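[1] Give me a model of this one.
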Amino acid sequence: MRIVYLNPCGKLGGAETSLREILSSLRISEPDWDLRLVLGEDGSLAQIARDLGVQVIIQPFPGQLGQLGDGGSALSTGLQLAKAAGAVARYRRELAALLRELKPDLIHTNGFKMHLLGALCRPSQVPLLWHIHDYVSSRRLASRLLRLAAGSCNHAIANSKSVARDLGSALPGLPVTTVYNAIDLRRFSPSGARLDLDALSGLAPAVPGTVRVGLVATFAHWKGHDVFLQAIARLANEVPVRGYIVGGPIYQTRGSQWSAEELRKRANELCGTGRLGFTGFVEDSAAVMRSLDVVVHASTQPEPFGMVIIEGMACGRAVIASRSGGAAELFSDGENALGHPAGDFEKLADQIQRLAGDPELRARLGHAGRSTAERHYDSKRLARELRDLYRQVVPEADHEPAGSAAVLTANRH
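    Take a look at the predicted model:
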């Protein structure tokens, strides 16, 4: 089977991390399948895919298409659309030509822009699978456009039951299957390399006994950086905690994320110096997890899934997570992680202080979290569920090997 994946972003966000595990798990379970990845920009995901033996094609998004977002007023969004119309039309023609050349048996799309482009550009009779990682109903423009394009989509994957319910209400009639994300349990493990987070942050070494608490996330506004900063600032000085913000802005969409300068200014206002560090983006997220004592998930809106939750648990770390959306499906409060109400920095501070003063609780939660990851979030389970769904969507006659089709140029600019 030849599968073409369409993804707008080349950097590693949550959806891209999910896609990485999809490609990795399928490469192991179905080595004869021909997997291709089309990206709207180059980045670390491209090299990861190449290392897995996946052919990568960079079809760069025009700047106007990459910056097109759904977060402004109706007027500003309308103006953005009008300005981007020409760029979208050109990109649509280029992508349609590429897909005809690739001759896929199935197109699997990530991200709202690629869902729409996939519907517009797929060759006739080629099944289209939308992988939904976000709440459609909350996206005013995207939900309307997806409703118009839904007739060209054969099936949708939701990354949680919460997202599946939302999608069912927004796009009634579209078949939806829930497939939880997975991680490589060998990579995300309690054993392995650790990092000097103080050095990465430009901070003096923390005093012995300091409990390291980190928020690992892109700089999207709703990921809860301000909540995390307020929680750290609320802790009494005698509580031996140092906070870390790991990550950076990765998306092109305007108005959707903090800049590094904005967050640093806010951190200085709330926390002063020495209590909190910024590591920047770190490629080895598993090593980051192992370098922390407590992993914090602080999303202020319902989280569709929450990769950082299962990554932290798999690394045997105590996790504090927002109890909302799909994230609430991933843990049992008090058993394998601690919960806090989304957006409540006071409750988050209480949970951080609780774990800072109780190493036995940290160890118990870390052990239980690892067991949970082994039972539910293994990449073998992901490959099995995807394989079954692909074969359901693609006609049996199309399951023949890809053959000796000409190899495309690895990068198009």
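
[2] With the flanking residues excluded, which residue is spatially nearest to residue 390?
    Spatial nearest neighbour of residue 390, chain neighbours left out: residue 106 (6.0 Å); criterion: Cβ to Cβ, 6 or more residues apart in numbering. In this view, the C-beta of every residue, glycine as well, is placed from N, C-alpha and C.

[3] That neighbour reaches residue 130, doesn't it?
    No: proximity of residue 106 to residue 130 does not meet the contact threshold set by Cβ atoms under 8 Å, at 11.8 Å.

[4] which of these two has more neighbours?
    Neighbours around residue 106 and residue 130, counted as other Cβ atoms under 10 Å, are more numerous at residue 130. The numbers are 31 against 23.

[5] and the more buried one, what is it in contact with?
    Shown in contact with residue 130 (Cβ atoms under 8 Å, 6 or more residues apart in numbering): 109, 115, 118, 146, 153, 155-157.

[6] Serialize those to a markdown table and add fields for secondary structure.
    Conversion of the contacts of residue 130 to a markdown table gives the following (DSSP: H, G, I helix; E, B strand; the rest coil):
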| residue | secondary structure |
| --- | --- |
| 109 | strand |
| 115 | helix |
| 118 | helix |
| 146 | helix |
| 153 | coil |
| 155 | strand |
| 156 | strand |
| 157 | strand |
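
[7] Let me know the outermost residue of this structure.
    residue 238 (35.4 Å; Cα atoms, centre = their mean).

[8] now the strands: where do they sit in the stretch 151-300 of the chain?
    Counting by DSSP state E, counting those that start in this stretch, the stretch 151-300 of the chain has strands at residues 155-158, 176-178, 211-216, 241-246, 276-280, 294-296.

[9] Need the winner for burial among those.
    Looking across the strands of the stretch 151-300 of the chain with neighbours counted as mean count of other Cβ atoms under 10 Å, the highest average goes to strand 294-296: a mean of 28.

[10] Could you check the angle the helix or strand that that one is followed by makes with strand 241-246?
    Reading on from strand 294-296 to the C-terminus, the next helix or strand found by DSSP states H and E is helix 307-314. Helix 307-314 and strand 241-246 meet at an angle of 130 degrees, taking axes from the mean of the first three to the mean of the last three Cα atoms, to 10 degrees as the criterion.

[11] residues in contact with helix 307-314?
    The set of residues that contact helix 307-314 without belonging to it, under Cβ under 8 Å, 6+ apart, is 14, 17-18, 181, 183, 185, 188-189, 216-217, 285-286, 289, 292, 295, 297, 318-319, 321, 327, 330-331, 336-337, 366, 369-370, 372-374, 377.

[12] Stretch 10-21 too?
    For stretch 10-21, contacts defined as Cβ under 8 Å, 6+ apart pick out 5, 7, 9, 37, 39-46, 48-49, 58, 110-111, 131, 133, 159, 181-184, 218, 250-251, 281, 285, 304-307, 379, 382.

[13] If any of those are buried, put those into a PyMOL selection.
    Taking 16 or more other Cβ atoms under 10 Å as the burial criterion, the selection of buried members of the contacts of stretch 10-21 in PyMOL is written as:
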select buried, resi 5+7+9+37+39+40+41+43+45+46+48+49+58+110+111+131+133+159+181+182+183+184+218+250+251+285+304+305+306+307+379+382
